[in-house]
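[1] would you be able to build a 3D model of this:
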Amino acid sequence: TGSYAGIVTFHLSATIKKDLVLIDSDAKREELVKSLPTTAEGGTSICSGVQKGFEVLKQVTEGTSGKEIVLLTDGEDSDINSCFTEVKNSGSIIHTMPLGPKADKGLEELADMTGGHKFYATDSFESNGLTDAFTGILSSNGNLSQQSIQLESNGLTVKTNEWFNGTVSIDKSVGNDTFFVITWQTSEPDIFVQTPSGRIYMMADFKKDTTLKAARLKILGTAETGDWIYSFYNKHSSSQAFGITVTSRAADHNVPPVTVNAHMNAYKNVYSSPMVVYAEVSQGFLPVVKATVIAIIEPETGPPVTLELLDNGAGSDFAKLDGVYSRYFTSFKENGRYSLKVQVQGKEKTILASWTQNRAAYIPGFVDNGQVQFNPSKSPVKDDDFNIVVGSFSRTSSGGSFSVAGVPSGPLPDIFPPNKITDLEAEMKEDTFILIWTAPGNDYDLGNASRYEIRMSKNLLTLRNDFSSAEQINTSHIIPLPAGSQEIFSFKLDVITENGTILYFAARASDEAANKADVSNIAQAIMIIP
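    Numbers count the residues shown, from 1 in each chain. Below you'll find the model as predicted:
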């Protein structure tokens, strides 16, 4: 509301379908919806569409600087670069949305040169790709308290006489202007949306558009907090896909809502470099920790890849419990575009981190003039140090698109090693050494490593500069746990070492293909026998 919008269609030429109009009522929105094209014509002239879009942008005020175009196409255009200079000089912002695998590969250059967002939507109806892309643009503009925040985006192909069920958690930081939007592939389903207090909304409560095959429910006032349950029943004679999108705005202009910022470490990649998925979950300036964060990465063809992102300070994650969740991505299926979507679910233990953790290594003691001196005991980290409970909430965020080149055809070799162990700790209790670390995976932080190599030395530089020459500890009986698990390994020395001796430890993992990780951080323990 309060923005201007117009519609341009293009094939071999471009046409203004709707002049720029101020969106200040539902009636104006209906005007725009009725102007949307329902069929596609042959040919693609992207520059014609962009230039006609510039004409529309000038209808209210002169010039195009700072104004935005959302460019959606599924076609190729060999002359797309013919308007690059004009686009650069326009000062406008162009967000690109290629649809399907045949969309022009140069489309993203328009977004790159104007600072726009890049999205990608497959032809899969149940992926909700287009809805996620448009919501992603809306969620990135304007004051945070006014932004439309995507709570849920889900889709499923449902067989005849079967149900599609799900739950979306609405928390107290959102609730204003809450909308449930349901889409269907063939014919409308029976719809049931139940509030936390038990009220049920049905299709009769929705505003239906049979042309767009969609229905929209607006929740009046501030939506009730808690778990909302939705169920769709497929009464059609054959299977069809359903989709659901739930959006809302901040409940209080003075209280920032929980938000998610998802992205890759790069928007272009060449095989065999690994990529990293990031999702920053926060409320205002405070990180939200102990949430469940799932990334869904969809290639141009084939099924999507699902990853659980972690905030454990290991693998690709730089710092533990800082609200930034991450994971390596190595499941490259093909060359081309990939889309990223992240789903976040808060739970009872989800909290705001209200302090900065001290990451300095703990040293239990030291030797002074031949005498062992003990340091004070290490203070335990308690959940009480995190004192703001967030609770249950649902969020979905589009991380845009990225492209991958150089992926060979056929079965891919195992070339990715386990990730480097970065949190190795060592301590001594009585006459036993205890090593603790986070398990790496088979391919970086995915899967299970095959074996560990642990070495120790009285000389730190030996481990750092010549790891293989240090004394090896027998680890043949260790069966590596899944990536992200905590490994605990204890052992005793066969040879008694002088009291007060500092021993240094380092480790690395390897996989079945003998790919070896980088050597870990170096941990130390003092041989202290009272």
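[2] contact partners for the closest residue in space to Asp205 that isn't next to it in sequence?
    Leaving aside its chain neighbours, Asp205 sits nearest to Leu217 (5.9 Å; criterion: Cβ to Cβ, 6 or more residues apart in numbering). For the C-beta atoms, the positions are set from N, CA and C on the backbone; glycine is no exception. By Cβ atoms under 8 Å, 6 or more residues apart in numbering, the residues touching Leu217 are Phe179, Phe180, Val181, Ile182, Val193, Tyr201, Asp205, Phe206, Lys207.
[3] likewise Phe332?
    Tyr271, Val404, Val407, Leu412.
[4] give me the pLDDT for it.
    pLDDT for Phe332: 96.
[5] cool, and Ala361?
    Ala361 is given a pLDDT of 53.
[6] middle-most residue in this structure, spatially?
    For the chain, the residue sitting closest to the mean C-alpha position, by Cα atoms, centre = their mean, is Val342 at 3.6 Å.
[7] buried subset of the contacts of Leu217?
    The neighbour-count criterion (16 or more other Cβ atoms under 10 Å) marks Phe179, Phe180, Val181, Ile182, Val193, Tyr201, Phe206 among the contacts of Leu217 as buried.
[8] ok, the second one - contacts?
    Residues in contact with Phe180 (Cβ under 8 Å, 6+ apart) are Val193, Tyr201, Phe206, Arg216, Leu217, Ile219, Tyr230, Ile244, Thr245, Val246.
[9] distance of the third one from Met428?
    In this structure, Phe206 and Met428 are 66 Å apart, going by Cβ to Cβ, to the nearest Å.
[10] how far is stretch 225-244 from where the chain is centred?
    Offset of stretch 225-244 from its chain centre (Cα atoms, centre = their mean, to the nearest Å): 24 Å.
[11] please, where are all the helices along the chain?
    Here the chain has its helices, by DSSP state H, at 26-35, 46-57, 84-90, 107-114, 129-138, 460-465.
[12] would TSV of those with mean neighbour count be doable?
    Formatted as TSV, the helices of the chain follow (neighbours: other Cβ atoms under 10 Å):
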stretch	mean neighbour count
helix 26-35	13
helix 46-57	21
helix 84-90	15
helix 107-114	20
helix 129-138	21
helix 460-465	15
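[13] could those helices go into a markdown table alongside distance to Glu498?
    Formatted as a markdown table, the helices of the chain follow (distance: least, Cβ to Cβ, whole Å):
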| stretch | distance to Glu498 |
| --- | --- |
| helix 26-35 | 80 |
| helix 46-57 | 75 |
| helix 84-90 | 71 |
| helix 107-114 | 62 |
| helix 129-138 | 62 |
| helix 460-465 | 17 |
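[14] include mean pLDDT when you put those helices into TSV, please.
    Shown next, in TSV, are the helices of the chain (pLDDT from 0 to 100):
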stretch	mean pLDDT
helix 26-35	89
helix 46-57	97
helix 84-90	97
helix 107-114	95
helix 129-138	88
helix 460-465	95
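[15] out of those helices, flag the one nearest Gly500.
    helix 460-465 (16.1 Å; Cβ to Cβ).
[16] ok, the nearest residue to Val281 once chain neighbours are set aside - how many residues close by?
    Spatial nearest neighbour of Val281, excluding adjacent residues (Cβ to Cβ, 6+ apart): Val288 at 4.3 Å. The tally of other residues near Val288 (other Cβ atoms under 10 Å) stands at 26.
[17] same check, this time on the one 10 residues further on
    The number of residues packed near Glu298 is 23, by other Cβ under 10 Å.
[18] now do it against Gln185, distance only.
    18 Å.
[19] do Glu31 as well
    26 Å.
[20] check Lys290 too.
    Counting by Cβ to Cβ, the separation of Lys290 from Gln185 is 37 Å.
[21] next one: Thr273 from Tyr444, what distance?
    No, residue 273 isn't Thr; it's Ser. Taken as Cβ to Cβ, the span from Ser273 to Tyr444 is 11 Å.
[22] so for the two, which residue has more residues nearby?
    Under the criterion of other Cβ under 10 Å, the comparison of Ser273 against Tyr444 puts Tyr444 first, with 22 against 12.
[23] ok, the nearest residue to that one once chain neighbours are set aside - contacts?
    Spatial nearest neighbour of Tyr444, excluding adjacent residues (Cβ to Cβ, 6+ apart): Tyr328 at 3.7 Å. Contact analysis of Tyr328 by Cβ under 8 Å, 6+ apart lists Pro274, Met275, Val276, Val277, Gly315, Ser316, Asn419, Asp443, Tyr444, Asp445, Leu446.
[24] likewise Met113?
    The neighbours of Met113, taking Cβ under 8 Å, 6+ apart as the test, are Phe84, Val87, Lys88.
[25] and of those, the nearest to Gly155?
    Val87 (33.5 Å).
[26] wait, the closest one touches Ile94, no?
    Yes. Here Val87 reaches Ile94: they are 6.8 Å apart, a contact under Cβ atoms under 8 Å.
[27] hey, what's in contact with both of those two?
    Val50, Leu110, Thr114.
[28] off-centre distance for stretch 73-93?
    Using Cα atoms, centre = their mean, the offset of stretch 73-93 from its chain centre is 29 Å.
[29] and it, C-alpha only, in CSV?
    Extracted as CSV, the C-alpha positions of stretch 73-93 are listed here (Å, rounded to 0.1, in the frame of the first residue of the first chain):
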residue,chain,number,x,y,z
THR,A,73,10.9,-14.1,-18.5
ASP,A,74,11.3,-17.8,-19.5
GLY,A,75,12.8,-17.1,-22.9
GLU,A,76,16.2,-16.5,-24.5
ASP,A,77,17.3,-13.2,-26.2
SER,A,78,20.5,-13.0,-28.3
ASP,A,79,20.3,-9.2,-28.2
ILE,A,80,19.9,-8.7,-24.5
ASN,A,81,23.2,-6.8,-24.3
SER,A,82,21.9,-4.1,-26.8
CYS,A,83,20.4,-2.1,-24.0
PHE,A,84,23.1,-2.5,-21.3
THR,A,85,24.4,1.0,-21.7
GLU,A,86,20.9,2.5,-21.4
VAL,A,87,20.2,0.4,-18.4
LYS,A,88,23.4,1.5,-16.7
ASN,A,89,22.6,5.2,-17.4
SER,A,90,19.0,4.9,-16.2
GLY,A,91,19.8,4.7,-12.5
SER,A,92,17.0,2.2,-12.1
ILE,A,93,17.1,-1.1,-10.1
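[30] what are the contacting residues of that stretch?
    Identification of contacts with stretch 73-93 by Cβ under 8 Å, 6+ apart yields 10, 40, 43-47, 49-51, 54, 57, 63-69, 94, 97-100, 102-107, 109-110, 113-116.
[31] so where is the chain shaky, pLDDT-wise?
    For the chain, the stretches with pLDDT under 70 are 1, 142, 355-387, 496, 529-530.
[32] one step back: ok, which of the helices of the chain comes nearest Leu435?
    helix 460-465 (13.4 Å).
[33] counting contacts, what elements does the closest one pack onto?
    Applying 3 or more Cβ pairs under 8 Å, 6 or more residues apart in numbering; DSSP states H and E, we find helix 460-465 packed against strand 451-457, strand 502-510.
[34] nearest to Phe134, out of the ones you listed?
    strand 502-510 (42.9 Å).
[35] and for stretch 154-166, what's in contact with it?
    Stretch 154-166 is contacted from outside by 125-128, 152, 189, 229-244, using Cβ under 8 Å, 6+ apart.
[36] buried ones in that stretch, by neighbour count?
    Residues of stretch 154-166 classed as buried by neighbour count (16+ other Cβ under 10 Å): Asn154, Gly155, Leu156, Val158, Phe164.
[37] hmm, back to that, dump the shared contacts of Val87 and Ile94 into a markdown table; add distance to Ala507 as well.
    Output for the shared contacts of Val87 and Ile94, formatted as a markdown table (distance: Cβ to Cβ, whole Å):
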| residue | distance to Ala507 |
| --- | --- |
| Val50 | 55 |
| Leu110 | 48 |
| Thr114 | 48 |
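[38] is it correct that Val342 is in contact with His263?
    No. Using Cβ under 8 Å as the test, Val342 is too far from His263 to be in contact (9.2 Å).
[39] who touches both of the two?
    Gly399.
[40] my read: Val260 touches Lys341, true?
    No. Val260 is not in contact with Lys341 according to Cβ under 8 Å; the separation is 10.3 Å.
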